[in-house]
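1. below are the sequence and a predicted model for it; my questions follow.
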Amino acid sequence: MTGGPEPISAVAREALERELDDLRTERESVAVTLRGGGGDQTGDRADEADELERATELDRLDRRIDDIEGRLREADAAGAPRSDAIGVGSTVTVRFEDGAEMTVQIGEVAAVLDRTMVTSDSPLGGALLGHRAGDTVTYVTPEGPTTAVVLSLGD
């Protein structure tokens, strides 16, 4: 990451927007169970402990919602992913040592269940950042160090 606003790939944006929708729905269902949400307010200490737990969950949800909204605003300010060098949001085709080729997107959302998504903090993703077509990158796998050649950058 550059320290400035970072672009985001379309796949990562969609994943964050889905997560944001899910979090808002979950937050709404938790919020109505708190004391201000109506219903009978008589109870014992166990009820109070349960309410405290729900309030803590509500705080966690609010923080994650704020994080995602901030990230989406940052991506809007950053504009499109770089086209001159690999960065977050780039689509890259690489050839591995065994000759296999794969096109991947450099993203930041690990929750995306997409085999073509490589997070920027993964060994391969981190090695690719800043490189260009023709560069060879070295990164560490569980089997040891390996290399990949950047064949192309872009769609």
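-> Thanks, I have the structure now. Every value quoted in this text rests on a predicted model; they were computed, and no experiment measured them.
2. now the longest helix seen in the chain: mean pLDDT?
-> Assignment by DSSP state H gives helix 45-78 as the longest helix of the chain. Averaged over helix 45-78, pLDDT sits at 85.
3. the helix or strand that that helix is followed by: partners in the sheet, and parallel or antiparallel?
-> Note on helix 45-78: by DSSP states H and E, the next helix or strand toward the C-terminus is strand 91-96. If you go by DSSP bridges, strand 91-96 pairs up with strand 101-107 (antiparallel), strand 144-153 (antiparallel).
4. for those strands, give me a markdown table that also has mean neighbour count, distance to Glu69 and mean pLDDT.
-> Where you see a C-beta, it was placed from the backbone N, CA and C, and this is true even at glycine. Shown next, in a markdown table, are the strands paired with strand 91-96 (neighbours: other CB atoms under 10 Å; distance: least, CB to CB, whole Å; pLDDT from 0 to 100):
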| stretch | mean neighbour count | distance to Glu69 | mean pLDDT |
| --- | --- | --- | --- |
| strand 101-107 | 19 | 18 | 87 |
| strand 144-153 | 15 | 30 | 93 |
